[in-house]
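Asks: I would like the atomic coordinates for the input below:
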Amino acid sequence: MPPDSTRVRTLPAVPATTHDPLGRRRRRHRNTVVLVVLGTVLAASAVLGVAIGPVWVAPADVLRILSGNVFGGAPGGTDATAEAIVWDVRLPRVVLGIAVGAGLAVCGAALQAMVRNVLADPYLLGINSGASSGAAVTILFGVTLGLGEHALAGSAFLGALAASLLVFVVARTAGRITSVRLLLTGVAVGYALSALTSFLVFASGSAEGARSVMFWLLGSLALAQWGGPLVALVAVVVLTVSVLALWARRLDALAIGDETALVLGVSPTRFRTQLLVVVSLCIGVIVAASGCIGFVGLVVPHLARRLVGSAHGWVVPASALLGAVFLLWADLLSRMVLQPRELPIGIIAALVGAPFLLALIRRMHPSA
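Replies: Sure, this is the predicted structure:
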């Protein structure tokens, strides 16, 4: 009996090829319209994310400043203070929010296909716990690894990669990686590394360090400066989203089952390894830049499937756009709710995401 045959598949099945070209054309047109609308909403959300804050900057001024800095020339009609707020403070934060939201969402969609479980998210494999442990070592004990001002991001990234490597080594048995083994190994490694982080907090005896670790564990875009957001954007958009879009058909096959994937010429073990590498690198970059932000990778792929169906050729771009919009508005709320203090964005993401998930559960199981 195949190792996964006792599990109940919880991902929606990918539609089989149909001989109805008119129906395919209509679905393609509908999904294209959905992506265009989501792209428009993302652009508007980005402008509003830059405009709204303790100091209001009119959207027209925001567009003038962006145009002046991107295409050259003086952004006429705006003062130097507004330009500094837009270009140096808020725009890097918005760019990082787009990268983080899109990356978490597409990695969540990929992981749900990888382990064939709708509860999977980017932190399922213990990657965030590894990053947390690495960051805690730097925050609490001043270990810089020779990285200077990039010590926190660098140690978080290395911790994430170490956790991914540990999951891969433990989950791979007899040359195979099954979805169940990968899922259980990730959960076990995540719990162990979370315990390690808690131990480091108590062992340090630093109240201020504990507060810093806690804020970092809940995620924030507050430290965004040019450089980090651009690296995250390249890692997410150029590498992760593009690669997963190219692998869409293989994701479809893997989501149906290992036996179907083998029939279609996809090696489940080899493809899971490739997915693990891509997702681990992406999540490592994201967590290093923004800390641990939950719920985005769990909820957004479900919303994307409700909009465009279960084929990953549409789910990947829809998830990226939805995730970016979701995180931009979560960040905006985190900045505005308790002014002048700022809430960790992970709190807002969970408070907003939980009702969405509950509503989806009710719609999927109306009798529950």
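Asks: just checking, residue 316 is part of a helix?
Replies: Yes. Under DSSP: H, G, I helix; E, B strand; the rest coil, residue 316 sits within a helix.
Asks: pretty sure it contacts residue 248?
Replies: Yes. Counting by CB atoms under 8 Å, residue 248 is a contact partner of residue 316 at 6.1 Å. To be clear about C-beta, it is placed using only N, CA and C from the backbone, and glycine gets the same treatment.
Asks: So for those two, which residue has more residues nearby?
Replies: Between residue 316 and residue 248, counted using other CB atoms under 10 Å, the more crowded position is residue 316 (27 against 18).
Asks: Who are the contact partners of the more buried one?
Replies: 106, 109-110, 241, 244-245, 248, 251 (CB atoms under 8 Å, 6 or more residues apart in numbering).
Asks: Over to residue 127?
Replies: Counting by CB under 8 Å, 6+ apart, residue 127 has contacts 160, 163-164, 279-280, 283-284, 287.
Asks: Run a quick neighbour tally on residue 172.
Replies: 18.
Asks: again, but for residue 231
Replies: When neighbours are defined as other CB under 10 Å, residue 231 has 15 of them.
Asks: What distance do you get for it to residue 87?
Replies: Relative to residue 87, residue 231 is positioned 18 Å away (CB to CB, to the nearest Å).
Asks: repeat for residue 325
Replies: For residue 325 relative to residue 87 (CB to CB), the value is 22 Å.
Asks: go on, residue 202?
Replies: Taking CB to CB, one finds residue 202 at 42 Å from residue 87.
Asks: Of these two, which one has the most company?
Replies: A side-by-side neighbour count of residue 202 and residue 87, using other CB under 10 Å, places residue 87 first with 19 against 9.
Asks: and the more buried one, what is it in contact with?
Replies: Residue 87 makes contacts with 65-66, 69, as judged by CB under 8 Å, 6+ apart.
Asks: quick one: residue 232 and residue 283 touch, right?
Replies: No. Checked against CB under 8 Å, the pair residue 232 and residue 283 is beyond contact range at 11.0 Å.
Asks: neighbour count winner among the two?
Replies: residue 283 (31 against 26).
Asks: Next one: the more buried one from residue 128, what distance?
Replies: 7 Å.
Asks: Common neighbours of the two, please.
Replies: The contact sets of residue 283 and residue 128 overlap at 122, 160 (CB under 8 Å, 6+ apart).
Asks: Pick out the residue nearest the middle of the protein.
Replies: Closest to where the C-alpha atoms of the chain average out (CA atoms, centre = their mean) is residue 104, at 0.9 Å.
Asks: In contact with that residue: list those residues for me.
Replies: 121-122, 283, 286, 293, 296-297, 300, 323, 327.
Asks: Looking at pLDDT only, which of the residues you listed scores worst?
Replies: The member of the contacts of residue 104 with the lowest pLDDT is residue 122, at 75.
Asks: Now tell me what touches the helix or strand harbouring residue 254 from outside.
Replies: Under the criterion of DSSP states H and E, residue 254 resides in helix 248-256. The set of residues external to helix 248-256 that reach it, using CB under 8 Å, 6+ apart, is 11, 13-14, 109-110, 112-114, 116, 244, 260-261, 264, 266, 268, 271-272, 310-313, 315-316.
Asks: filter these to the buried ones?
Replies: 11, 14, 109-110, 112-114, 116, 244, 260-261, 266, 268, 271-272, 310-313, 315-316 (16 or more other CB atoms under 10 Å).
Asks: buried set for the helix holding residue 254?
Replies: Neighbour-count burial for helix 248-256, counted by 16+ other CB under 10 Å, picks out 248, 250-256.
Asks: Can you tell me which of the residues you listed lies closest to residue 178?
Replies: residue 254 (11.6 Å; CB to CB).
Asks: Where does pLDDT dip in the protein?
Replies: 1-20, 22, 73-78, 364-368 (pLDDT under 70).
Asks: Tell me which other helices or strands the longest helix along it touches.
Replies: Longest helix in the chain, counting residues (DSSP state H): helix 21-51. Judged by 3 or more CB pairs under 8 Å, 6 or more residues apart in numbering; DSSP states H and E, helix 21-51 is in contact with helix 59-71, helix 91-115, helix 296-308, helix 312-336.
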